[in-house]
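1. Compute the structure for the input listed below.
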Amino acid sequence: MKLRATLFGILMLTPTIPLGAGERITIKVSPAISFAPANLIVRTMIVANADNRAVEIIAESTDFYRSSEIQLDGDKAPRTTMFEFRSLPQGTYEVRANLIGAGGQQRAWVRQQINVIAGGSGR
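-> Next comes the predicted model:
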């Protein structure tokens with residue numbers, strides 16, 4: 001329960017963190033290094049804009065691909081979105097977030113590389 005309250009507090013503070021000049025979207029993927037099968041939390045911070053329609057989140061390695069799209073309601077959408085990828089196998093992943101505008105065009109994108117390493121057998 002204490003962990004949940006702490007996480008909620010951090011998320012409540014996140015919208016007050018300013019983005020850099022000219023950045024429409026930023027990404028934070030955690031953990032950056034983990035053991036397979038890995039659960040990744042992808043957090044995007046998006047500058048409010050009436051043209052924002054969706055954010056597409058992609059996790060891709062040489063042997064694995066998974067994506068999801070979250071609809072946005074323009075400048076009324078939450079500034080922070082969170083998504084979880086579960087049970088990712090071993091590999092080096094590029095995690096991308098594509099901000100999609102009205103008409104389906106890509107407005108901005110960001111990426112972060114993470115590593116999922118083989119888990120120990122423990123036997």
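
2. Closest to the centroid, which residue in the chain?
-> Among the residues of the chain, the one closest to the centroid is residue 42, at 2.7 Å (Cα atoms, centre = their mean).

3. what's the nearest residue to that one if we skip its chain neighbours?
-> Leaving aside its chain neighbours, residue 42 sits nearest to residue 83 (4.8 Å; criterion: Cβ to Cβ, 6 or more residues apart in numbering). Glycine gets a C-beta too; all of them are placed from N, C-alpha and C.

4. same thing with residue 66?
-> Of all residues not flanking residue 66 in the chain, residue 59 sits nearest, at 5.0 Å (Cβ to Cβ, 6+ apart).

5. Could you give the bridge partners of the one you found?
-> Judged by DSSP bridges, the bridge partners of residue 59 are residue 66, residue 95.

6. burial measure for it, as a count.
-> Residue 59: 23 surrounding residues under other Cβ atoms under 10 Å.

7. Report the contact partners of it.
-> 40, 42, 65-67, 85, 88, 93-95 (Cβ atoms under 8 Å, 6 or more residues apart in numbering).

8. switch the cut-off to 7 Å
-> By Cβ atoms under 7 Å, 6 or more residues apart in numbering, the contact list for residue 59 reads 40, 66, 85, 88, 93, 95.

9. Which helix or which strand is home to the residue nearest to residue 42?
-> strand 80-88 (DSSP states H and E).

10. That strand - contacts with which helices or strands?
-> Counting contacts by 3 or more Cβ pairs under 7 Å, 6 or more residues apart in numbering; DSSP states H and E, strand 80-88 packs against strand 38-46, strand 52-60, strand 65-71.

11. backbone phi and psi for residue 73, please?
-> With angles defined as degrees, to the nearest 10, residue 73 sits at phi -100, psi 60.

12. would you say residue 103 is within a helix?
-> Yes: under DSSP: H, G, I helix; E, B strand; the rest coil, residue 103 sits within a helix.
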